[in-house]
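A.B. asks: Would you be able to build a 3D model of this:
(chains A and B)
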Amino acid sequence: MTGHAEARTPETNKVRAIVRACRLISRMNRLRPDVTRSENLYYQMLSDYFTRLLDARNNGDFIAAHTVFFPAELLYAMDLVPMHTETTTWMTSLFTGECSDLLEAGSALGLASEICTPHRGLAGAFSLGAVPRPDVMLWSNMVCDNTAKSGELIMELAHCPGFFIDHPFKDSPEEKQYLVGELEDMVVFLEEHSGRKMNWDRLSEIVARMDRQVQLTREVNELRKSVPSPFGSRRFLELVTMDYLFPGQPAAIEYLETLKQELSDMVAQGKGAVARERFRLMSLFIPPMYLTGFLEKVSQEFGAVSVVEPFFTFWGEGRLDPAHPLESVAQKSYMLPEMRMYGPLDDRALDAITSCAREYRIDGAIYYADVGCRHTCATIKLFKDTLSEVDVPVLTLDCDVVDPTLTSQDEIREKLERFFELLEDR
Amino acid sequence: MKTAGIDIGSLTTKAVVLGDDGAVFSATASTGDDRGQAARQTLQAALAEAGSGLGEDLYLVSTGAGGRALAFSQLQKAITTCLARGIHHQLPSTRMVIDIGAESCTVVKLNHRGRVDDWASHDKCAAGTGIFLQQMSRLMQLSLEEMSVLSRRAKGRADITSTCAVFAESDAISHVHRDPPTPTEDIIAGIYHSVVSRIVSLCKRVGIEKDVAVAGGVALNEGIVRALSEAVGFAVIVPEDPRITAAVGAAVLARESMEKGMS
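C.D. replies: Below is the predicted model:
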């Protein structure tokens, strides 16, 4: 079977849709003088990532599907083709506007409508054959029970072997060492199934770049503290994607260095992401993907910019050491911005939001309360109370990250308008 | 120049003209199919109350479900902002206002200046709204007033869910058809409890703080107000005309905007 023949079959149509959308956006962006080089790089990177996945079978590559917050550095070091499962569902929603067929297929498998839509959609995608069949499925208990169970289901649906990483939540030397052991076992599993050996030198290089990547993200965040903030709300996903899809990859370094330079220039010129910055916002959890364009329009209209996302782009302290690559990969998983929220809910989470509120001069916070994510929604009250202590009002927006049927655009707009009025009227 | 506010709800349109001394002149009418027409007529009636007419210079702020579509208002404001300003004008000691409208319920927490501190609303289900009470009144074959009076005589309370209006209706029907049937007054007490428990959970999301006022058409239902007071543990207060609170707020905001423009 040729790659092109396979691309015409239903198996790869969602990935193909993403690739087509990325290429189209890249083409359109070339005609727009306001589009930055970093944006162009981003769409090129997405296009390359999903094209590699689309062509993997034809190229004789080994596809390793993995869930979110998974150390994809190891896959790159072994020259395997990674498929970030949740991001594939998100991107389907982002670039095609919806993924109702995937959600319906997930429901048909018996998954209740209350279950996290990226996972329900994932199961649907695999049952429909709408994404390539992986050679192995890799998953962990990061970040929730849903992820832990989802990986198992995908393994069954895709009829492939799988490996589950038991990720300890506590951050202690013993727990980290346990995680290193888990990673070592996974490497053995991957070597057995792929027939490829781990390239430890390459892994060291990747870890060195990942360390640089984290540093660059921190520097970008520093620039976002400027008033007005130079980084637009809709680009939040770009920063997240850098780690999810491209950990320690040269393209990620190029993107971040380019972005940093662009933002530095804007700060030097006193330029902001919106024409007149009125409200500096903190974003908690993930805005609905299918509303990215709409939310950007609202952001421009009201001068409201998300300047910090404590649990998605705000990395924890620590450095990575290429001399100890596996230990560094384990260390990185404890530095993940999300780990503050999804690990043991201790003062790290609360300290992060209060310090971010002060340092980024936040006027208000928007909590995108994804109804399917009980893990996240459980923290609404806690975070709201904490932010109220530093006089930051919080808007809780009930929504779903990929399913547009839960909340209408009008309803979200009305709530945002109310919130901006509240902020203005204080 | 006169200042006025108009709240175009899904069922009722309320208009308020603010006198120079802060006096409130109001009118209410059914919204019907033509919101623009209803707004014009209601405003005209309120202006007539104030001793003037539509021809005069007017600064109008609109709000409510149909507020945005009103072509002849100078400014549109969110219902939350209007409720806070309105209740502050009507009852300045209020720190939380519960607006129970026909199709939604909104709880607004406000500060001593009548500014919104926080709010919560539910608009996904008719449970806990005026429409739900109307449905129940039809089901019980009693007027809303009769239900309110009968609820005082309740000795018990029927279990009626607060999570879904349709399920709540099924619960009420099953109580009617029991053998022997649950006493009517106990069913009504159950219905009120169902409405109130949903509203109170909304209040708790933003934190209950005294004084608590109730606005919207449902605030005229003495039985609901009594049940709410019992649920929060103290007497909730009701402004003189709770239906017009948001419209009063819109009129206050119109005055503020006009004064800002003049300064």
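A.B. asks: Show me where the stretch 51-200 of chain B has its strands.
C.D. replies: Here the stretch 51-200 of chain B has its strands, by DSSP state E, counting those that start in this stretch, at B:58-63, B:75-76, B:96-100, B:105-110, B:116-122.
A.B. asks: next one: the stretch 1-150 of chain A
C.D. replies: With DSSP E, counting those that start in this stretch as the criterion, the stretch 1-150 of chain A has strands spanning A:63-66, A:81-84, A:136-140.
A.B. asks: May I have the strands that pair with the first one, each with its orientation?
C.D. replies: Partner strands for strand A:63-66, per DSSP bridges, with pairing direction: strand A:81-84 (parallel), strand A:136-140 (parallel).
A.B. asks: mind listing what the residue in the stretch 151-263 of chain B positioned nearest to chain A touches?
C.D. replies: Residue nearest to chain A within the stretch 151-263 of chain B: B:Arg205 (7.8 Å; Cβ to the nearest Cβ). Heads up, the C-betas are built off the backbone N, CA and C, glycines and all. Counting by Cβ atoms under 8 Å, 6 or more residues apart in numbering or on different chains, B:Arg205 touches A:381, B:107, B:120.
A.B. asks: For B:Ala158, see how far away A:Gln300 is.
C.D. replies: Using Cβ to Cβ, to the nearest Å, A:Gln300 is found at 52 Å from B:Ala158.
A.B. asks: Are any of the contacts of B:Arg205 buried, and if so which?
C.D. replies: Neighbour-count burial (16 or more other Cβ atoms under 10 Å in any protein chain shown) applied to these gives B:107, B:120.
A.B. asks: pLDDT check: weakest of the contacts of B:Arg205?
C.D. replies: Among those, A:Lys381 carries the lowest pLDDT, at 89.
A.B. asks: got a list of what that residue touches?
C.D. replies: The contact partners of A:Lys381, taken as Cβ under 8 Å, 6+ apart, are B:Arg205.
A.B. asks: residue ranges with poor pLDDT in the stretch 1-150 of chain A?
C.D. replies: A:1-12, A:98 (pLDDT under 70).
A.B. asks: next one: the stretch 251-400 of chain A
C.D. replies: Within the stretch 251-400 of chain A, the stretches with pLDDT under 70 are A:343-345.
A.B. asks: Where does it get nearest to chain B, residue-wise?
C.D. replies: For the stretch 251-400 of chain A, Cβ to the nearest Cβ, closest residue to chain B: A:Pro393, 6.3 Å.
A.B. asks: What's the local residue count around that residue?
C.D. replies: Per other Cβ atoms under 10 Å in any protein chain shown, the neighbour tally for A:Pro393 reads 20.
A.B. asks: Cross-check the contact I'm expecting between it and A:Ala365.
C.D. replies: Yes - counting by Cβ atoms under 8 Å, A:Ala365 is a contact partner of A:Pro393 at 7.4 Å.
A.B. asks: List the residues that are in contact with both of these two.
C.D. replies: Here A:Pro393 and A:Ala365 share the contacting residues A:Leu387, scored by Cβ under 8 Å, 6+ apart.
A.B. asks: ok, back up a step: which helix or which strand is home to the residue of the stretch 151-263 of chain B closest to chain A?
C.D. replies: In this assignment (DSSP states H and E), B:Arg205 forms part of helix B:184-206.
A.B. asks: Name the residues of that helix that come out as buried.
C.D. replies: B:184-200, B:202-203, B:205-206.
A.B. asks: residues in contact with A:Pro161?
C.D. replies: For A:Pro161, the contact set (Cβ under 8 Å, 6+ apart) comprises A:136-137, A:155, A:189, A:193.
A.B. asks: Try it again at 10 Å.
C.D. replies: A:134-138, A:155, A:189, A:192-193 (Cβ atoms under 10 Å, 6 or more residues apart in numbering or on different chains).
A.B. asks: cool, B:Thr245 as well?
C.D. replies: B:7, B:14, B:16, B:82-91, B:94, B:97, B:99, B:213-216, B:219, B:238-239.
A.B. asks: how near is it to A:Cys356?
C.D. replies: As judged by Cβ to Cβ, B:Thr245 and A:Cys356 stand 37 Å apart.
A.B. asks: cool, B:Ile191 as well?
C.D. replies: 46 Å.
A.B. asks: Quick one: the helices in chain B, in order.
C.D. replies: Assigned by DSSP state H, chain B shows helices spanning B:35-49, B:79-90, B:130-140, B:144-151, B:165-176, B:184-206, B:222-232, B:245-262.
A.B. asks: tilt between the second one and helix B:245-262?
C.D. replies: So the one you mean is helix B:79-90. 90 degrees (axes from the mean of the first three to the mean of the last three Cα atoms, to 10 degrees).
A.B. asks: Does helix B:79-90 reach chain A?
C.D. replies: Yes - counting by Cβ under 10 Å from any Cβ of the partner chain, chain A has neighbours in helix B:79-90: B:79-82, B:84-85.
A.B. asks: would TSV of the strands of the stretch 1-150 of chain A with mean neighbour count be doable?
C.D. replies: Listed next are these as TSV, based on neighbours: other Cβ atoms under 10 Å in any protein chain shown:
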stretch	mean neighbour count
strand A:63-66	26
strand A:81-84	24
strand A:136-140	25
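A.B. asks: need those strands in TSV with distance to A:Ala130, can you?
C.D. replies: Below are the strands of the stretch 1-150 of chain A laid out as TSV (distance: least, Cβ to Cβ, whole Å):
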stretch	distance to A:Ala130
strand A:63-66	13
strand A:81-84	12
strand A:136-140	16
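A.B. asks: so what's A:Ala252 up against?
C.D. replies: Counting by Cβ under 10 Å, 6+ apart, A:Ala252 touches A:41-42, A:45, A:209-210, A:212-213, A:216-217, A:241-243, A:245-246.
A.B. asks: Looking at the closest residue to chain A within the stretch 51-200 of chain B now. What's its pLDDT?
C.D. replies: Going by Cβ to the nearest Cβ, chain A is nearest to B:Ala78 of the stretch 51-200 of chain B, at 4.0 Å. Looking at B:Ala78, its pLDDT reads 94.
A.B. asks: if we can go back for a sec, out of the strands of the stretch 51-200 of chain B, nearest to A:Thr117?
C.D. replies: Closest to A:Thr117 of these is strand B:116-122 (Cβ to Cβ; 21.5 Å).
A.B. asks: So which elements touch the closest one?
C.D. replies: Packing partners of strand B:116-122 (3 or more Cβ pairs under 10 Å, 6 or more residues apart in numbering or on different chains; DSSP states H and E): helix A:380-389, strand A:394-399, helix A:409-425, helix B:79-90, strand B:96-100, strand B:105-110, helix B:184-206.
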